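*Asks:* turn this into a model:
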Amino acid sequence: MDLMTCQGNSLILFTLIHFTLGRSFSVLYAIVNQMPAGLYFPLALVYDYVQIPVYGIILEQSSKRFFPVRWIRKKADRMLTSMEEKPLLKRILAFGDVGLILLSALPIRGFGILSGSIAGFFMKKGKLRGTTLLMIGSFLGILIIMGIGHGIIRAIDLF
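*Replies:* Now for the predicted structure:
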């Protein structure tokens with residue numbers, strides 16, 4: 001019974017971390033807490049998949065009429081400003097579809113599903129194409145974080 005309670009708490013914490021701090025931190029949490037990859041990998045994919053239509057609906061509604069969600073407008077404004085000020089983001093998005101995949105995959109602060117959704121919206125990607133590109137990015141992003149996390153654990157074990 002204690003094992004189930006412990007695993008249930010880990011799932012709750014994984015979920016909270018994923019939706020507050022992001023995919024990178026939730027996957028690192030799962031690796032550090034030795035959650036089975038067969039559990040956290042698909043769960044992280046599903047959580048990212050759930051976020052895409054939510055952000056898409058918010059973006060569509062906020063562009064059509066007054067919409068009371070200010071944080072999405074601020075994030076979009078910051079992203080547009082960032083594109084002008086930071087050449088890395090501009091270069092990544094210049095790759096088109098591959099850039100959108102990279103934007104949603106790379107474990108860099110400010111990248112991820114929300115940024116990818118905003119970029120896909122401004123790049124006029126269709127719902128199916130945008131979702132597919134973001135999910136490919138999510139899949140690759142999870143693999144990248146798994147590699148980094150397991151590499152760090154191996155390095156720590158060496159000492």
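
*Asks:* what comes up buried for the host helix or strand of residue 148?
*Replies:* Assessed by DSSP states H and E, residue 148 sits inside helix 127-158. Residues of helix 127-158 classed as buried by neighbour count (16 or more other C-beta atoms under 10 Å): 130-139, 141-142, 145-146, 149. For the C-beta atoms, the positions are set from N, CA and C on the backbone; glycine is no exception.

*Asks:* just name the closest of the residues you listed to residue 101, please.
*Replies:* Among those, residue 137 lies closest to residue 101 (C-beta to C-beta), at 4.3 Å.

*Asks:* show me the shaky parts of the chain.
*Replies:* Applying pLDDT under 70 to the chain picks out residues 1-6, 63-73, 80, 82-84.

*Asks:* that one: helices as residue ranges?
*Replies:* Secondary structure of the chain (DSSP state H): helices located at 2-20, 23-32, 37-64, 70-85, 87-93, 97-105, 113-122, 127-158.

*Asks:* could you measure from the closest residue to residue 47 other than its chain neighbours over to residue 61?
*Replies:* Spatial nearest neighbour of residue 47, excluding adjacent residues (C-beta to C-beta, 6 or more residues apart in numbering): residue 18 at 5.0 Å. Distance of residue 18 to residue 61, given as C-beta to C-beta, to the nearest Å: 24 Å.

*Asks:* comparing those two, which residue is more hemmed in?
*Replies:* residue 18 (23 against 14; other C-beta atoms under 10 Å).

*Asks:* show me what contacts the more buried one?
*Replies:* Residues near residue 18 by C-beta atoms under 8 Å, 6 or more residues apart in numbering: 25, 26, 44, 47.

*Asks:* shouldn't the first one be in contact with residue 19?
*Replies:* Same thing as residue 25. No - at 10.6 Å, residue 25 does not count as touching residue 19 under the criterion of C-beta atoms under 8 Å.

*Asks:* separation between residue 59 and residue 20?
*Replies:* 20 Å.

*Asks:* please apply the same query to residue 90.
*Replies:* Counting by C-beta to C-beta, the gap from residue 90 to residue 20 is 28 Å.

*Asks:* these two: which is more packed in?
*Replies:* More neighbours surround residue 90 than the other of residue 90 and residue 20, with 13 against 9 (other C-beta under 10 Å).

*Asks:* quick check: the gap between the nearest residue to residue 136 once chain neighbours are set aside and residue 146.
*Replies:* Excluding the flanking residues, the one nearest residue 136 by C-beta to C-beta, 6+ apart is residue 101, at 5.2 Å. Distance of residue 101 to residue 146, given as C-beta to C-beta: 17 Å.
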